[in-house]
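A.B. asks: what follows is a predicted structure for the sequence shown.
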Amino acid sequence: MTRSAGTDAIAENVHVVLYRIRAAALRAGRQPDDVRLVAATKFVPVERIVMAAQAGVQCFGENRLQEALPKLDALRDRADVSWHFIGRLQRRKVRAVVGRFELIHSIDGIDLAEEVDRRAGESGIRQAVLLEVNIGGERSKTGVAPADVGTVLTALDAMPNLDVKGLMAIPPPGRNPEEARPYFRRLRALGRSLIGEHTFFRVKMDEFSMGMSEDFEAAIEEGATIVRVGAAIFGDRPVSEAG
């Protein structure tokens, strides 16, 4: 059960989530250090984020650039903290995102990838990204259809300023975590098959960002390397889609 988000509660929630990550990894025969926790901070005020950092969270994820900027600024002096961009990225905001976030989870097609590549080149960096897959074929979600992932990754492989690390997906909503499990399994299998079927020079398949507060343990058991957890750490928020 998610507790209220006072200082002690956030610290306890962080410890519980880290314990659950470790336990899920061990159940799957994996090393717990192979799974990274990204605390999703959509609608979470700066002071609660600082509490989570003090409790040991080292990576935070934001959905919206405007909301992220004051949070990045507030934690700029913490060398142990990094930020991921986990929400839908509009092309007009790419310039402000590139280089500010360690990893962009939401590359949903070639056009957006080209813009990220161009802006990264202008900044003289390689931007780490994940390709978003619409694993459930939902009209309400962005992302590349599973059948098109190989073609899109081939195009991204030719972009010299992208560091493509793997795939991200959000399964269709379900009544329990077990309903998400087949989608997590499908994403992992898709990643493995792509490496076997294609010759990539820059694209890697090291990261699978999948699983949120309600289903991250199932995601880890199916191969997640990054889980995006918000409500289980910070408590209930106005909108729960961020984790």
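C.D. replies: Received it, and whenever you're ready, just let me know what you need. Numbering: from 1, shown residues only.

A.B. asks: for the protein, longest helix please?
C.D. replies: Criterion DSSP state H: the longest helix present in the chain is helix 7-27.

A.B. asks: strands paired with the helix or strand that comes right after that one, and their directions?
C.D. replies: The C-terminal neighbour of helix 7-27 among helices and strands, as given by DSSP states H and E, is strand 36-40. When pairs are called by DSSP bridges, strand 36-40 turns out to pair with strand 59-62 (parallel), strand 226-229 (parallel).

A.B. asks: now those strands in a markdown table, with distance to F201, mean pLDDT and mean neighbour count?
C.D. replies: Every C-beta, even on glycine, is put in place using the N, C-alpha and C of the backbone. Below are the strands paired with strand 36-40 laid out as a markdown table (distance: least, CB to CB, whole Å; pLDDT from 0 to 100; neighbours: other CB atoms under 10 Å):
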| stretch | distance to F201 | mean pLDDT | mean neighbour count |
| --- | --- | --- | --- |
| strand 59-62 | 28 | 98 | 24 |
| strand 226-229 | 23 | 98 | 27 |
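
A.B. asks: let me have those strands in CSV, extended by distance to R88.
C.D. replies: Formatted as CSV, the strands paired with strand 36-40 follow (distance: least, CB to CB, whole Å):
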stretch, distance to R88
strand 59-62, 12
strand 226-229, 14
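
A.B. asks: where along the protein do the helices fall?
C.D. replies: Going by DSSP H, the chain shows helices at 7-27, 46-54, 65-74, 94-97, 110-123, 149-157, 181-197, 216-221, 231-234.

A.B. asks: what's the closest of those helices to L167?
C.D. replies: Closest of the helices of the chain to L167 is helix 181-197, at 5.4 Å (criterion: CB to CB).

A.B. asks: other SSEs contacting that closest one?
C.D. replies: Here helix 181-197 touches helix 149-157, strand 162-168, strand 207-209, helix 216-221, going by 3 or more CB pairs under 8 Å, 6 or more residues apart in numbering; DSSP states H and E.
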